[in-house]
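Engineer: just the structure for this:
(4 chains)
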There are 2 protein chains.
Amino acid sequence: MTAGSSKVSRAQRSQKASRHITINDIAKRAGVSKTAVSFAFNVPGRLSEKTTQHILQVAREMGYTPNPIARSLNTRRTNTLGVLLPQDISIAMRNPFFAELLSGIGEVCSAHGLSLLLVPPLRGSLVEATYAALIDGCIVTGLEADDPATRALRQRRIPFVMVDVEPEEDIPAVSVDDAAGAYFAMKHVLELGHHRIGIASFVSFTGRLEEYTGTLGRRFNGYLRALHEHGLTLDNEHVRLVECSCDVEGGKLAFHQFWSSRQGITAIVALSDVIAYGVVQAASEQGVRIPQQLSVVGFDDLEFSRLLRPPLTTVRQPIREKGRLAAEMFARLYHNEPLEQHTLRLPVELVVRQSCAPPQS
Amino acid sequence: MTAGSSKVSRAQRSQKASRHITINDIAKRAGVSKTAVSFAFNVPGRLSEKTTQHILQVAREMGYTPNPIARSLNTRRTNTLGVLLPQDISIAMRNPFFAELLSGIGEVCSAHGLSLLLVPPLRGSLVEATYAALIDGCIVTGLEADDPATRALRQRRIPFVMVDVEPEEDIPAVSVDDAAGAYFAMKHVLELGHHRIGIASFVSFTGRLEEYTGTLGRRFNGYLRALHEHGLTLDNEHVRLVECSCDVEGGKLAFHQFWSSRQGITAIVALSDVIAYGVVQAASEQGVRIPQQLSVVGFDDLEFSRLLRPPLTTVRQPIREKGRLAAEMFARLYHNEPLEQHTLRLPVELVVRQSCAPPQS
DNA sequence: TGGGGGTGATAAACTAGTTCAATAACCGCA
DNA sequence: TGCGGTTATTGAACTAGTTTATCACCCCCA
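Structural biologist: Numbering: from 1, shown residues only, chains lettered A, B, ... in the order given. This next block holds a predicted model:
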């Protein structure tokens, strides 16, 4: 290294590394100020038509396009809506629930020219993820109002709407009566005469049963209410609980656990349709006939549940609608328009199809 | 308005509007330079432990978190991987293909701490969308190498990997032999003895049949080759084409068009499993028995196709794997590591299940 | 010729951080 | 006490744009 090389200026060095073309390059080349270049791109009518066209022509020739990050720094807009996911993307996307939710959210994104950012935990922390996400706001899924990540959003004044959360004053949210839905599902199974029942639950266990929170907790409350009305409890003898991942694979594993336990389970209540799919698939593979030998109920009524073999009895919740409404609420917050209602609660209903029957006598 | 009010400085005004807390506020409050604050957050060991802790303490007290946009402007990193979608998010998400693809891409995102940005056309233009997207690179779906959006990425030196594209020198891509897969599917139907066949295609028509491009064009080539081998052509008499949206609803509409035409169609070949789902559902609703009265073949082998009633005969392509490999290629580009192979071609195979049978005599 | 009004263009300040290069402080040792 | 070598800290420049406030210019009219 020569003495001279250390004197190479920063500008020269970055020149060498084929620097990106910036607004300054265009300004110089076009013989105008960078303000003019900015106006040419952003404020139609602010410059004379001649100047505007000249600047845009120069920009085209040099292949210039304004840096969206620098622009965002000024405008404080990213034109991006985040979706906070409590799990990794690869896991969430195994549950068609999210595809339907995103489809609903996406309708609103198109209308407002927004992109959609999937925000999973960063290095294990959703709070970290919210710090790093380049978003104008977000839809929060699978979290409660007192979650650290939710608090982080509030503190940073990032507008957000929660989905599937216990309704709480002044927190915009779109929910569903999970407890009622679960109650209907379990009641249906009980009224068919089942009393050896497996509950296939996705995991978010935090200790004892009373500590189940969120969607899981609410659905459990519904199940337990129906069980109590029929004099049953989660005693592991009549009613057994198995936890699994919220995907087809999880449902298959759950089925095998129930079936190998030889407790004579005649019905499986799944906390999610996709888990029910796995149960049905594993049962078919084992030659267990549904609903003759085993009844299965789900929760969600995904678009494909009616196409299942047999068509799945389940609890319908309007998932796409939920996404759309949540995103619409966000859009109002985003544009500082008042919300008519802070919390929406959408209806659920039991959809009886062909995956349940009375137990074999 | 008084004369005084016009003299209110900018700082005072923004103060009033409860300005965001910046690195300067923390520096002042902690009695250090903003360089020190930056180091405290980003370069462990660069400051004394005492100073670092003091700064972080002050930051915590004031609820400060570095602005990710300003940070990105310097670091030139957004830690976001884009997925370029040729349609609106709400439409794409109606096809479980994307959920599976995203699931694969998501595996790599987790490993590298990336978020995933869904980038649909902005004001009708994907090129515009690429200009505005805050991403470090992207996975391009449903586009060809000579698409304007692809060119825009190249020009702006945004690293990208294409998915489902005609392999081309030096463009990183992960594809599948669509033509071969389609050939297998059509051949299977023909060998069962069908000669009145409906093709249910998603839309991307650009004029005459020879102008089909991309995935659509490649699959058509496969279908046509098999048809030719059996002396058939797309003549609208024996083999009829219907275009529909790529979702369950589209498949249902396609079925109704085929069935109402009363051309005695005995088999429907769908360009996508999700379209086949719609065909099967509409057929069931009409009391048309599959495969006895109507054979159906799909393309994709989505996770749920084996659970369909009846289980769907289809062409398997490893979608999740495709997403994962594409994302891994991107990760290498992103870290300036050399690619072992620029283009990958994954295998397809016909999966014979129960939705096809010989035509009723 | 002077002044008002409108248009077109710009210099400078601003967005909120990171990074470079230089300095200050400290420690041990001669 | 002086000096070399770390270690800790900082001012200034830099990222790439937008925005504000001002100015120059031209036309019209008095």
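
Engineer: show me the contacts for whatever residue of the stretch 151-300 of chain A ends up closest to chain B.
Structural biologist: The minimum distance from the stretch 151-300 of chain A to chain B, using CB to the nearest CB, falls at A:Q155 (5.2 Å). For glycine as for every other residue, the C-beta is placed from the backbone atoms N, C-alpha and C. Under the criterion of CB atoms under 8 Å, 6 or more residues apart in numbering or on different chains, the neighbours of A:Q155 are B:G63.

Engineer: against B:I21, how distant is it?
Structural biologist: Shown here: A:Q155 relative to B:I21, a distance of 10 Å by CB to CB, to the nearest Å.

Engineer: could you do A:S355 as well?
Structural biologist: Where B:I21 is concerned, A:S355 sits at a distance of 55 Å (CB to CB).

Engineer: so for those two, which residue has more residues nearby?
Structural biologist: Taking neighbours as other CB atoms under 10 Å in any protein chain shown, A:S355 and B:I21 compare with A:S355 leading, 26 against 16.

Engineer: which SS class is that one?
Structural biologist: Here A:S355 is coil, with the state taken from DSSP: H, G, I helix; E, B strand; the rest coil.

Engineer: I'd assumed A:F258 was in contact with A:A282.
Structural biologist: No: taking CB atoms under 8 Å as the contact criterion, A:A282 and A:F258 are not neighbours in contact, 9.6 Å apart.

Engineer: doesn't A:R345 belong to a helix?
Structural biologist: No: A:R345 is assigned strand when assessed by three-state DSSP, not a helix.

Engineer: now for the closest residue to A:V296 other than its chain neighbours: which residues touch it?
Structural biologist: Among residues not flanking A:V296 along the chain, A:S355 sits closest, at 4.6 Å (CB to CB, 6 or more residues apart in numbering or on different chains). If a contact means CB under 8 Å, 6+ apart, then A:S355 has A:276, A:280, A:290-291, A:295-298, A:308, A:310-313 as its contacts.

Engineer: just A:Y131 next, same as before
Structural biologist: The neighbourhood of A:Y131, defined by CB under 8 Å, 6+ apart, consists of A:152, A:156, B:65-66, B:68.

Engineer: what helix or strand does it sit in?
Structural biologist: Following DSSP states H and E, one finds A:Y131 within helix A:126-132.

Engineer: roughly how far apart are the residue nearest to A:V296 and A:G251?
Structural biologist: The spacing between A:S355 and A:G251, counted by CB to CB, is 13 Å.

Engineer: what sits in contact with each of these two?
Structural biologist: Residues touching both A:S355 and A:G251 comprise A:276, A:280, with contact defined as CB under 8 Å, 6+ apart.

Engineer: now do the contacts for A:V37.
Structural biologist: A:V37 makes contact with A:23, A:26-27, A:30, A:55, A:59 under the criterion CB under 8 Å, 6+ apart.

Engineer: will you turn the residues you listed into CSV that also has secondary structure and pLDDT?
Structural biologist: Compiled in CSV, those are given as follows (DSSP: H, G, I helix; E, B strand; the rest coil; pLDDT from 0 to 100):
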residue, secondary structure, pLDDT
A:I23, helix, 97
A:I26, helix, 96
A:A27, helix, 96
A:A30, helix, 96
A:I55, helix, 97
A:A59, helix, 97
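
Engineer: what's the closest of those to DNA strand D?
Structural biologist: The shortest gap between DNA strand D and any of these belongs to A:I23, at 3.2 Å (CB to the nearest atom of the strand).

Engineer: what stretches of chain A score poorly on pLDDT?
Structural biologist: Per-residue confidence of chain A (counting by pLDDT under 70) places the weak regions at A:1-18, A:204-211, A:361.

Engineer: please enumerate the helices of the stretch 151-300 of chain A.
Structural biologist: Taking DSSP state H, counting those that start in this stretch as the criterion, the stretch 151-300 of chain A contains helices spanning A:178-191, A:214-229, A:248-260, A:273-285.

Engineer: please enumerate the helices of the stretch 1-150 of chain A.
Structural biologist: Counting by DSSP H, counting those that start in this stretch, the helices of the stretch 1-150 of chain A are A:10-16, A:23-30, A:34-42, A:49-62, A:68-75, A:89-92, A:96-112, A:126-132, A:148-155.

Engineer: if I look at A:R77, how far off is A:E166?
Structural biologist: Plainly put, A:R77 is 31 Å away from A:E166 if you go by CB to CB.

Engineer: now stretch A:145-162: buried residues?
Structural biologist: Within stretch A:145-162, the residues that qualify as buried by neighbour count (16 or more other CB atoms under 10 Å in any protein chain shown) are A:145, A:147, A:149-150, A:152-153, A:159-162.

Engineer: check stretch A:252-264 too.
Structural biologist: Buried residues in stretch A:252-264, counted by 16+ other CB under 10 Å: A:252-259, A:263.

Engineer: can you pull the contacts of A:E100?
Structural biologist: When contacts are counted by CB under 8 Å, 6+ apart, A:E100 is found next to A:302-303, A:319-320, A:323, B:93.

Engineer: most neighbours among those residues, please name it.
Structural biologist: Using other CB under 10 Å as the neighbour definition, the contacts of A:E100 reach their maximum at B:M93, which records 29 neighbours.

Engineer: list, one by one, the residues from chain A near DNA strand D.
Structural biologist: The interface of chain A toward DNA strand D, taken as CB under 7 Å from any atom of the strand, is made up of A:9-11, A:14, A:19-20, A:22-24, A:34-35, A:37-39, A:41-42, A:64, A:66-67, A:69-71, A:73-75.

Engineer: what's the local residue count around A:F220?
Structural biologist: When neighbours are counted by other CB under 10 Å, A:F220 registers 22.

Engineer: was I right about it contacting A:A185?
Structural biologist: No: checked against CB under 8 Å, the pair A:F220 and A:A185 is beyond contact range at 11.8 Å.

Engineer: what segments of the stretch 251-361 of chain A are strands?
Structural biologist: Listed in chain order, the strands found in the stretch 251-361 of chain A under DSSP state E, counting those that start in this stretch are A:267-270, A:295-297, A:314-316, A:343-346, A:349-351.

Engineer: just name the most buried of these.
Structural biologist: Counting by mean count of other CB atoms under 10 Å in any protein chain shown, strand A:267-270 has the highest mean neighbour count of these, with a mean of 30.

Engineer: other SSEs contacting that one?
Structural biologist: helix A:178-191, strand A:197-202, helix A:248-260, helix A:273-285, strand A:295-297 (3 or more CB pairs under 8 Å, 6 or more residues apart in numbering or on different chains; DSSP states H and E).
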